[in-house]
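Undergrad: my questions are about this predicted structure, shown below with the sequence.
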Amino acid sequence: MHILLIEDDYETGAYIQRGLHEQGYVVDHARDGRDGLFQATEVQYDLMIIDRMLPGLDGLALLRALRSTGTRTPVLMLTALGEVDQRVEGLEAGADDYLAKPFAFIELLARINALSRRPPLQERVTILCLTDLQMDRLSHRVQRAGQLIELQPREYRLLEYLLLHSGEVVTRTMLLEQVWDFHFDPHTSVVETHISRLRSKIDRDFKPLLLHTIRGAGYCLRAPG
Amino acid sequence: MARGTVCVPRVELLHTAAFRYATLHALLFLGIAALLASAVLIEVRHFGAQQMHTTVTSMSQRLVADPDGPLNLAELTTEITHRIRHEPYGPDYFQLRDPQRHVLVGNLPNRQLAPGWHILALPAASDHSDDDDASAEVFVQRLTHGDFLTVGRGRSQLVQLNEVLLSAFLTAGGIGALLTLLSGLLLSRNYLHRVEQVSENASRIIAGDLNARIAIADAGDNEFGLLARSLNTMLDRIQTLMEATRQVSSDIAHDLRTPLTHLRQKLEIALQDRSNAHGLHKTLAEAITDVDAVLATFTALLSITRVEARDRQTGFTAVDLSQLLTELAGDYQPVAEERGQTLQTRIMPNISVIGDRHLLTQMFVNLIENALTHCPSRTSIQLGLQQETRGVVTNIADSGPGIPAAERQRVLRRFYRLDRSRATSGSGLGLALVAAITDLHGIRMRLLDQQPGLRVELLFTVIQKDRHDS
């Protein structure tokens, strides 16, 4: 996969480039907005990581310029200490996701994976399933092995998100943002508690286990094999 | 520029705005006075001329038409001679000529005049007045027997009246303009003095004396008092903010020194202990956790600053508080259960307020998590929402240890932590953020004693909206 990284800070840029390279990605690194825009229009990238504050051309302006040329490449925007209002601005400019610095590398990786695998129009699929686990998004019914499972509203949304990203690692922050709409870090184990409740409902009485905890990274809903 | 030598440029008295206005007013006054004077003079002149005509007409009529019948030439001559004997130099003038225009009798200079009105210059000596250009208004008529009768009256009185009026106007106008200028000067000196007081205080503040205030005592209730009071209020606010900033800076330094010191110690030990690869890995993991804690503190501080700096109510929308609290209760009931606590709700349906949804969410999460983390197990937490006559009220109450009355205001400050809470995790910023969010939304927050426990009451006063309205 070919990624364009537009980041003016040398250290951060090198850190991201090295990390992604180890994961097998090919990364081009542009150091300012103008170079970035030039490269983005010259080469067909699979994904772009754009810093919000850039010399030459601001990240938001760059993104708007890119989107106005009809480029649909997924964009992950980076910012120093993200705030909700800035995040909204970034998303409105055409970013697909938004990540605040400093971040754990695993967080960046999880988001890149989520973005690059996002199949078009999947949001509108009415039946989501993974092996014998099935979710009907019209009737809001969830079954495993034909057995109806009662879920609380938040557990339902949590499972829906996990199913939409099945096979991918999703981080705690991604869950907080996407499932809870919390753009801050709660001090209690609200995510862990709901994961454990969901796990007891969909996994305890069934085989194989589907909901996995990935140590130091997050969670992954996947079928064995 | 060195501290203490900051100076504010002084304004010259004659360059003050007040003096300029006074000058302008003096000019305006003069203009109006001149206009008034011209109008009066014109009217007076017109009136005087009319009076003159009337007088002269009636004089000549009386001469010609005596009650005993028209006078003949001889009688007329006698009458005129009689009259001018007493007053040869006016103010009444007469002249009688025969049809050949020879002067028969009179005290007027010999001039050929056609019948009608004329203004006749008089020889200087012929008039009492020292007026050089003495003149008379004369009426010439031809009598039935062909003689010419000229009757006139001296204009010196009229001219004198005009002159007196003109000089009166000039004197009054001059004095008025002078007085206006003088009062303008005094006024501007007074204004300048007060403005200088304000700017002197300002320069003291610029020089670093934040305690300086503008004296109000002599200004009283006038506009200067008002200005001084509002400036002082502004200075109070600035001072409070400056002190808060100073406080926060030292708090940050103090609060971050501890974790950073720990981090440094760990790293130093790891550096010395080269043999143990597993230990090194563990230390690095711990170091990242420590740094994350420091970063979390920074993020929390930044969030508070952002909320405090935000424009009031921009980007506010209707937020269904009933739904929000029900969802949060659903999220935190399992968390409470896991901690051996209970979370109970009494939430009235369909209550909405205007606000920032994300911030309100964070505010309630902070309050709920505060109750959960500061209360031991087997305590219960109540979450309530109701519409009261005074507004929408939410309550987050617990049966935990509560907060001593003396400390209730202090817990809202950044980094403030009760002694017994020091052992628990947390930055001491949670309630400070809640306070910033309530300020932004105009929510009145009260920390009340639940006996035992703490009850946080939030009253949405400024803006609220019933869902059925929208």
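TA: Noted; the coordinates are in hand. Residues are numbered from 1 along each chain as shown, chains lettered A, B, ... in the order given.
Undergrad: ends of stretch A:174-182, what's the gap?
TA: 10 Å (CA to CA, to the nearest Å).
Undergrad: scratch that, stretch A:170-189
TA: 16 Å.
Undergrad: quick one, strands of chain A?
TA: Remark: strands assigned in chain A by DSSP state E are A:2-6, A:26-30, A:47-51, A:75-80, A:97-101, A:127-130, A:133-136, A:141-144, A:147-149, A:169-171, A:211-214, A:218-221.
Undergrad: tell me which of these sits most buried.
TA: Among those, strand A:47-51 has the highest mean neighbour count (mean count of other CB atoms under 10 Å in any protein chain shown), at a mean of 25. Any C-beta I mention is one placed from the backbone N, CA and C, and that applies to glycine too.
Undergrad: now whatever residue of the stretch 101-250 of chain B ends up closest to chain A: closest residue in space, sequence neighbours ignored.
TA: When distances are taken as CB to the nearest CB, the stretch 101-250 of chain B reaches nearest to chain A at B:V248, 16.6 Å away. Excluding the flanking residues, the one nearest B:V248 by CB to CB, 6 or more residues apart in numbering or on different chains is B:R414, at 5.7 Å.
Undergrad: number of nearby residues for the one you found?
TA: The tally of other residues near B:R414 (other CB atoms under 10 Å in any protein chain shown) stands at 22.
Undergrad: with A:T41 instead?
TA: By the criterion of other CB under 10 Å, A:T41 has 12 neighbours.
Undergrad: quick one: the closest residue to it other than its chain neighbours and A:F206, what's the gap?
TA: The shortest distance from A:T41 to any non-neighbouring residue, by CB to CB, 6+ apart, is to A:T69 (6.7 Å). For A:T69, the distance to A:F206 (CB to CB, to the nearest Å) stands at 49 Å.
Undergrad: quick one, which of these two is more surrounded?
TA: A:F206 (16 against 9).
Undergrad: re earlier: would you list the phi and psi of the residue nearest to B:V248?
TA: Here is the backbone geometry of B:R414 (degrees, to the nearest 10): phi -60, psi 140.
Undergrad: follow-up on the earlier one: can you redo the strands of chain A as JSON lines with distance to B:A336 and mean pLDDT?
TA: What follows is those, written out as JSON lines (distance: least, CB to CB, whole Å; pLDDT from 0 to 100):
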{"stretch": "strand A:2-6", "distance to B:A336": "43", "mean pLDDT": "94"}
{"stretch": "strand A:26-30", "distance to B:A336": "45", "mean pLDDT": "93"}
{"stretch": "strand A:47-51", "distance to B:A336": "39", "mean pLDDT": "94"}
{"stretch": "strand A:75-80", "distance to B:A336": "34", "mean pLDDT": "89"}
{"stretch": "strand A:97-101", "distance to B:A336": "29", "mean pLDDT": "88"}
{"stretch": "strand A:127-130", "distance to B:A336": "30", "mean pLDDT": "90"}
{"stretch": "strand A:133-136", "distance to B:A336": "28", "mean pLDDT": "94"}
{"stretch": "strand A:141-144", "distance to B:A336": "25", "mean pLDDT": "94"}
{"stretch": "strand A:147-149", "distance to B:A336": "23", "mean pLDDT": "94"}
{"stretch": "strand A:169-171", "distance to B:A336": "25", "mean pLDDT": "93"}
{"stretch": "strand A:211-214", "distance to B:A336": "22", "mean pLDDT": "94"}
{"stretch": "strand A:218-221", "distance to B:A336": "22", "mean pLDDT": "94"}
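Undergrad: mind putting those strands into TSV with distance to chain B?
TA: Below are the strands of chain A laid out as TSV (distance: least, CB to the nearest CB, whole Å):
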stretch	distance to chain B
strand A:2-6	22
strand A:26-30	23
strand A:47-51	18
strand A:75-80	10
strand A:97-101	8
strand A:127-130	22
strand A:133-136	19
strand A:141-144	17
strand A:147-149	16
strand A:169-171	14
strand A:211-214	16
strand A:218-221	15
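Undergrad: may I ask which helix or strand encompasses B:A39?
TA: Element membership for B:A39, per DSSP states H and E: helix B:17-64.
Undergrad: what packs against that helix?
TA: Applying 3 or more CB pairs under 8 Å, 6 or more residues apart in numbering or on different chains; DSSP states H and E, one finds that helix B:17-64 makes contact with helix B:73-86, strand B:135-142, strand B:148-154, helix B:156-206.
Undergrad: ranking those by burial, who's on top?
TA: Across those, the average number of neighbours (mean count of other CB under 10 Å) peaks for strand B:148-154, which reaches a mean of 24.
Undergrad: where along the chain do the helices fall?
TA: No chain specified, so I'll use chain A. For chain A, the helices defined by DSSP state H occupy A:10-22, A:33-42, A:59-68, A:84-93, A:105-117, A:153-164, A:172-175, A:190-202.
Undergrad: oops, chain B please
TA: With DSSP H as the criterion, chain B has helices spanning B:17-64, B:73-86, B:156-206, B:223-272, B:277-309, B:321-338, B:357-374, B:430-441.
Undergrad: in the stretch 301-450 of chain B, where is pLDDT below threshold?
TA: Along the stretch 301-450 of chain B, the parts satisfying pLDDT under 70 run over B:312-313, B:417-427.
Undergrad: and it, which residues reach chain A?
TA: B:302-303, B:306, B:315, B:327, B:330-332, B:334-335, B:338, B:358-359, B:361-362, B:365, B:369, B:372-373, B:425-426, B:430 (CB under 8 Å from any CB of the partner chain).
Undergrad: give the contact list for the residue nearest to B:R45 when sequence neighbours are not counted.
TA: Nearest residue to B:R45, sequence neighbours excluded (CB to CB, 6+ apart): B:N162, at 6.4 Å. Contact partners of B:N162, counting by CB atoms under 8 Å, 6 or more residues apart in numbering or on different chains, are B:41, B:44-45, B:48.
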